[in-house]
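Asker: structural data only, the sequence is not supplied:
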C-alpha cells in the first residue's frame, strides 16, 4: 500500500522526534537529536532499511487515531473482525536517555497482533550487533546503543526481530525503545505506565498556558504543540521540520534537509509564541538567535544546527531510493553557504517583537543587533540568493531589499521607542533611500505590480510581505494590484505557489507545489485589505488541508491532492497560528506591522 505524508503523525520529547504511520509503523526516528543519524529510516527507503510495526494480523476494517487532548500522546485504534485494539505512542520529556514507548491496549474482544522490529543506524546503512537480555535485545553500532524491551517473546531471524501475540479486552502490553551512548552503561528501566502519566502531565501543563481563546482554538493549540515538539529544548532552537528529503515535488530532486534552524523563522515564531502566552519559549528562541548571530555579521548564516552549528555540509545517500522514488536523499543543506540578505531584517524584527511584548531588552543583544545593522548599511546594495534559496545566479530580489528596509526601520524604532543608542539620523535617511529604490526598481510599470527582482517581470509570493511588515499600507494601489496579480497567477484552488520556477534561471528543474505559508500570508493580506470574507474562506480551505490529526507539511501537491515537502513543517504551523490570531484579534495580533 502506498504511503502518503499525511498518513504520519509526530511524537517527540522536545529534543528529537519520530513519525508514526496509520498502519502502526514507526518509520522515521532521529537519535539522539533532530539532526543526528536516523535509526529507523524506511520512510526514505524500503522495509529493510528499518521500521517498527505493531499492528493486527490480517484484515483491518477501520483505523481511527487522535492525539489525546492537549498532548503529544498519539492513539491509533484498529478495528478487526474479532475486536478493537489501540496502540498508544509517546516519548516522555527527556531526563537522560531518549525513550519511545508503545502501549498496546485491548479495547474489545480479542485481537491477534504482529510486531516487526528492524533496526538500522546511519539512515538504514548500518546493521547493528544484536544481543539478547532478559527482557529483550540490545543493538550497538559505533556511538549508538539501543535497548528494546518487550513483554512478549521475541524471535530473531534474518536480521529482524518479530513477535506474534494476542491482546484481550482490558489487557495492556508495553514496549520500550531506549537510546543511550554506546560507551556508557545502560540507563535504568522506566515504568511505561508512569512514563505515560508523566508525559500527559507535562503536555497538559504546557497547553494550559495557552492564552488564545478565540475561534479555531483546537487548531491553534495543535500547531503550538507541534512547534514545541520541534524545539531542541537544551538550546531553545526550533527546527524547520523533523525530516529530510520529503519531496517538494514527487519524483523530483527538490529534496532538502530541514532539520535545522532558519533565522528567517524568527519573527513569525516569536509572534506566535508571544501572542499565545509562551514568553519562556520566546526568550529561549531569542537567546538561541543572538548566540547564533554573534560574531562578524558578514559571516552570519541563514541557518544553523540546533546548537548553533554553522557548517552543515550537504551530502547524498545513494543507497536510499527516497520517498516514492524522489531522489537524491540528502543530509545537510548546502544553502547554509548562501547569502540571503532578508535574514538580517528578520532578526531585527524579531528583537522588535520582543521589546513590543515587554520581554526585557538584552544589553549584549543590542550590541549584536547594532553590528548587524552596520553590516546592512552597505550589504543591502548587493545581490543575493533570495528567500527561496534558488541555486541559480544571485539577483537583486525585491523581498530582500524590503527586509533590508525592515532592518533599518526596526533599528530606528529601537532608538525612538525603546531608548537604545545609535546613529538614528543616518539610519532614518538610509531607510528612506531603500524605500525609494524598492518602489522604483522593484516595481514594474508595465505590470503595475511589484516583481520578484529588479528588472524582472515575474511575480513572487514573498511580495505579500509588503503590507505585513509595514513597508506600504494594504490599501496602497500598488499593493492591491500585486496581491490581486498573485491571486490570478500564482494561486490555484485557493493555494499559493512561491513563484513560477524557470530552470534556466533557478538552477533547478520545473515543478512547484503550493507553499502553505504563502497561502497563510495571503489570508493576512486579504484581511488587511478589508476582504474579510475572502480571508476566512481561504483560511478554512487551509485548515481542510491538514491531516486527520491536525498536521501540515511544507506544501501541497494540487495534482495529487496530497501534502508534500518536509513534515511537520514549523513554518506552516506558524502561519496557521498567526492567521488565526489575525482573524480573531485584529491586525496587530498576528502580523509584525510596525507602529505608525
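Answerer: Arrived safely. This one's a predicted model, so the numbers in the text were calculated from it and none came from an experiment.
Asker: count of neighbours near the nearest residue to residue 405 once chain neighbours are set aside?
Answerer: On the basis of CB to CB, 6 or more residues apart in numbering, the spatially nearest residue to residue 405 that is not a chain neighbour turns out to be residue 434, at 4.4 Å. Every residue, glycine included, has its C-beta placed from N, CA and C. Neighbour count of residue 434, defined by other CB atoms under 10 Å: 23.
Asker: pull out the buried positions in the helix or strand containing residue 434.
Answerer: Element membership of residue 434 [criterion: DSSP states H and E] is helix 424-441. Buried residues in helix 424-441, counted by 16 or more other CB atoms under 10 Å: 427-428, 430-431, 434-435, 437-438.
Asker: redo those residues as a markdown table? Include distance to residue 332 and pLDDT.
Answerer: Listed next are the buried residues of helix 424-441 as a markdown table, based on distance: CB to CB, whole Å; pLDDT from 0 to 100:
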| residue | distance to residue 332 | pLDDT |
| --- | --- | --- |
| 427 | 37 | 98 |
| 428 | 41 | 98 |
| 430 | 36 | 98 |
| 431 | 37 | 98 |
| 434 | 34 | 98 |
| 435 | 38 | 98 |
| 437 | 36 | 98 |
| 438 | 34 | 98 |
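Asker: please produce JSON lines containing the residues you listed, extended by distance to residue 349.
Answerer: Formatted as JSON lines, these follow (distance: CB to CB, whole Å):
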{"residue": "427", "distance to residue 349": "15"}
{"residue": "428", "distance to residue 349": "17"}
{"residue": "430", "distance to residue 349": "16"}
{"residue": "431", "distance to residue 349": "13"}
{"residue": "434", "distance to residue 349": "15"}
{"residue": "435", "distance to residue 349": "16"}
{"residue": "437", "distance to residue 349": "20"}
{"residue": "438", "distance to residue 349": "16"}
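Asker: can you tell me which of those residues lies nearest to residue 66?
Answerer: residue 438 (47.2 Å; CB to CB).
Asker: for residue 342, see how far away that closest one is.
Answerer: Distance of residue 438 to residue 342, given as CB to CB, to the nearest Å: 12 Å.
Asker: got any residues that touch both of the two?
Answerer: Common contact partners of residue 438 and residue 342 (CB atoms under 8 Å, 6 or more residues apart in numbering): residue 402.
Asker: which residues of the stretch 51-200 of the chain fall in helices?
Answerer: Using DSSP state H, counting those that start in this stretch, the helices of the stretch 51-200 of the chain run over 192-207.
Asker: any idea of the mean pLDDT for stretch 541-552?
Answerer: What stretch 541-552 shows for mean pLDDT is 98.
Asker: list the buried residues of it.
Answerer: Applying 16+ other CB under 10 Å to stretch 541-552 flags 542, 545-547, 549-552 as buried.
Asker: now, which of these sits nearest residue 443?
Answerer: Closest approach to residue 443 among the buried residues of stretch 541-552 (CB to CB): residue 542, at 28.9 Å.
Asker: how many residues are close by the residue nearest to that closest one when sequence neighbours are not counted?
Answerer: Residue nearest to residue 542 in three dimensions, not counting chain neighbours: residue 519, with 5.6 Å by CB to CB, 6+ apart. Residue 519 has 27 neighbours, counted by other CB under 10 Å.
Asker: and residue 519, that's in a strand?
Answerer: No: counting by DSSP: H, G, I helix; E, B strand; the rest coil, residue 519 falls outside a strand, being helix.
Asker: surely it meets residue 497?
Answerer: No: Residue 519 is not in contact with residue 497 according to CB atoms under 8 Å; the separation is 9.3 Å.
Asker: before we move on, back to that, out of the buried residues of helix 424-441, which is nearest to residue 210?
Answerer: Nearest to residue 210 out of the buried residues of helix 424-441 is residue 431 (CB to CB; 36.1 Å).
Asker: run a quick neighbour tally on residue 393.
Answerer: 10.
Asker: check residue 133 too.
Answerer: 11.
Asker: roughly how far does it sit from residue 139?
Answerer: Separation of residue 133 from residue 139 (CB to CB) stands at 11 Å.
Asker: how about the strands in the stretch 351-500 of the chain?
Answerer: 443-444, 449-450, 491-492, 495-496 (DSSP state E, counting those that start in this stretch).
Asker: which one of those lies closest to residue 78?
Answerer: strand 495-496 (32.8 Å).
Asker: re earlier: distance of the residue nearest to residue 542 relative to residue 361?
Answerer: According to CB to CB, residue 519 and residue 361 sit 35 Å apart.
Asker: what score does the residue nearest to residue 542 have for pLDDT?
Answerer: In this model, residue 519 is scored at 97, pLDDT.
Asker: kindly report the same for residue 596.
Answerer: 32.
Asker: next one: residue 587
Answerer: At residue 587, the predicted lDDT confidence score is 53.
Asker: can you pull out the helices in the stretch 351-500 of the chain?
Answerer: Assigned by DSSP H, counting those that start in this stretch, the helices in the stretch 351-500 of the chain fall at 363-379, 398-418, 424-441, 465-468, 477-489.
Asker: save those helices as CSV, and put in distance to residue 272 too.
Answerer: Below are the helices of the stretch 351-500 of the chain laid out as CSV (distance: least, CB to CB, whole Å):
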stretch, distance to residue 272
helix 363-379, 20
helix 398-418, 18
helix 424-441, 27
helix 465-468, 14
helix 477-489, 23
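Asker: one step back: which residues are in contact with the residue nearest to residue 542?
Answerer: Each residue near residue 519 by CB under 8 Å, 6+ apart is listed here: 494-496, 538, 542, 575.
Asker: one more time with 10 Å, if that's ok
Answerer: Shown in contact with residue 519 (CB atoms under 10 Å, 6 or more residues apart in numbering): 461, 464, 491, 494-497, 538-539, 541-542, 545, 555-556, 572, 575-576, 579.
Asker: buried among these? Make that a ChimeraX selection.
Answerer: Selection of buried members from the contacts of residue 519 for ChimeraX, criterion 16+ other CB under 10 Å:
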select :461,464,491,494,495,496,497,538,539,542,545,555,556,572,575,576,579
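Asker: phi first, then psi, for residue 81.
Answerer: Dihedral pair for residue 81: phi -70, psi -20, per degrees, to the nearest 10.
Asker: roughly how far apart are it and residue 170?
Answerer: Separation of residue 81 from residue 170 (CB to CB): 19 Å.
Asker: just residue 373 next, same as before
Answerer: From residue 373 across to residue 170, the span is 64 Å (CB to CB).
Asker: higher neighbour count, the two?
Answerer: Neighbours were counted for residue 373 and for residue 170 using other CB under 10 Å; residue 373 has more, 23 against 9.
Asker: tell me the domain boundaries of this structure?
Answerer: Under the assignment automatic domain parsing, the domains of the chain span 5-185, 209-589.
Asker: residue 41 and residue 244: what is the separation?
Answerer: Residue 41 sits 10 Å away from residue 244, going by CB to CB.
Asker: pull up the overlap in contacts between these two.
Answerer: 28, 30, 123, 317, 329.
Asker: can you put these in CSV and add pLDDT?
Answerer: CSV is the format used below for those (pLDDT from 0 to 100):
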residue, pLDDT
28, 94
30, 87
123, 92
317, 95
329, 96
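Asker: and these, which is closest to residue 165?
Answerer: Among the shared contacts of residue 41 and residue 244, residue 28 lies closest to residue 165 (CB to CB), at 25.2 Å.
Asker: how far away is that closest one from residue 178?
Answerer: Shown here: residue 28 relative to residue 178, a distance of 18 Å by CB to CB.
Asker: residue 134 too?
Answerer: For residue 134 relative to residue 178 (CB to CB), the value is 15 Å.
Asker: may I see the buried residues of the helix or strand hosting residue 225?
Answerer: Assigned by DSSP H and E, residue 225 belongs to helix 217-229. Neighbour counts over helix 217-229 (16+ other CB under 10 Å) mark 219-229 as buried.
Asker: can I get the residues you listed in CSV including pLDDT?
Answerer: Formatted as CSV, the buried residues of helix 217-229 follow (pLDDT from 0 to 100):
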residue, pLDDT
219, 98
220, 97
221, 98
222, 98
223, 98
224, 97
225, 98
226, 97
227, 96
228, 96
229, 96
